[in-house]
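> how would this look folded up:
(one chain, ligands or ions: 1)
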Amino acid sequence: MPWVTVAALAVLAGILAAAPMRPGSDPRPAPEAALAAVAARPALPDTLRGRSGKLRARFLLPARDGSIPLLRTLFGDSAGRRPGVLAAADSAGPFHFITVRPFTDKVRGRIGAYAIGNFPGERPGGRTGAYRNPDGFVEVTERIADLPVSRQFRLRDFLTHDQARVWPKYLVLREPLVDKLELVFDELRAMGVAAGRLRVMSGFRTPQYNAQGVGAGGRVQDSRHQYGDAADVYAVVDGARDWMADLNRDGRVDLRDARLLASAAERVEAAHPELVGGIGIYPATSAHGPFVHIDVRGTRARWGAW
Ligand SMILES: [Zn+2]
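Predicted coordinates:
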């Protein structure tokens, strides 16, 4: 493997160091034992880093014969036949290629011990188009949960909030959502808002988790969160509490701050019509501050407290 370099291995070592094993955790070799490092020559295509330039991962569904065409194109035949996580690096920084498990690996609503449930498209006469079943699932072990998917987001940020003790977990996540969130953050900063980062309150929701909250005032059965292209987010200030910040600096945290965040998302959609989707504004409750739902469903939708 002549393209493996010291620099790439240093990047890999950094990643492994950043993902500590918990004491007493299962020492069984995880699937990402296949994790390998390469240095990209020539540089990785710019498109991989998205419109924001800040994407740090690409999810890849293997072809029917098990090969991964993009990896073969970029790194040669041996990489194109090796599922798992491939850590690459070029002058723009580290980047990960993550092979996903095909949708058909979900059997009776589960992969392994992790309960996922059934998607609307699995019902007889089920949904199509934007509501067809996802292609596959990212297998998230404890070891790779902190892997960056973009400058400010990690795989962990988008996991369903349940089954805390079950690993690996499975995740549906689409790069255009992550790209849009990074652009929204950039837009917020360009508007002069001193936010430190966006926080994901809820990203992917498995159908079985989503179904628990369906009802009046709650989640909708066809929630985009099940498709990996929706996130409920708020903006925080570094060093402050984990809660929506006073973005408009009027001395209070309320819907006006969520509206400011939503207006940044609207500007991003105006500049990048291909990232159009839903933007919903939600008030605070005792459990959380005000937040904004952002998705990339492909058609414009607006709801909530505009
Ligand atoms: Zn939402």
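> and A270, how many neighbours?
10 (other Cβ atoms under 10 Å). The C-beta positions use only the backbone N, C-alpha and C, and glycine is treated the same way.
> give the contact list for the residue in the stretch 101-250 of the chain positioned nearest to the ion.
Per Cβ to the ion, the residue of the stretch 101-250 of the chain with the smallest distance to the ion is D232, at 4.2 Å. Each residue near D232 by Cβ atoms under 8 Å, 6 or more residues apart in numbering is listed here: 200-203, 225, 282, 291-294.
> for it, helix, strand, or coil?
strand (DSSP: H, G, I helix; E, B strand; the rest coil).
> quick one on the thing from earlier: of the contacts of D232, which ones also sit close to the ion?
H293 (Cβ under 5 Å from the ion).
> Quick one: classify the closest residue in space to N133 that isn't next to it in sequence as helix, strand or coil.
Excluding the flanking residues, the one nearest N133 by Cβ to Cβ, 6 or more residues apart in numbering is G121, at 4.3 Å. Following three-state DSSP, the label given to G121 is helix.
> Correct me if wrong: G121 contacts T128.
Yes - counting by Cβ atoms under 8 Å, G121 touches T128, with 7.1 Å between them.
> So which of those two has more stuff around it?
G121 (19 against 9).
> ok, the more buried one - contacts?
So G121 contacts 127-128, 131-133 (Cβ under 8 Å, 6+ apart).
> and if we set it to 10 Å?
103, 127-129, 131-134, 207, 222, 226-227 (Cβ atoms under 10 Å, 6 or more residues apart in numbering).
> what's the answer for A194, then?
188, 235, 237-238, 245-247, 249.
> For the residues you listed, which PyMOL command selects only the ones that are buried?
Buried subset of the contacts of A194, written as a PyMOL selection, criterion 16 or more other Cβ atoms under 10 Å:
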select buried, resi 188+235+237+245+246+247
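> In strands, which of the contacts of A194 fall?
Among the contacts of A194, the members falling in strands (DSSP state E) are A235.
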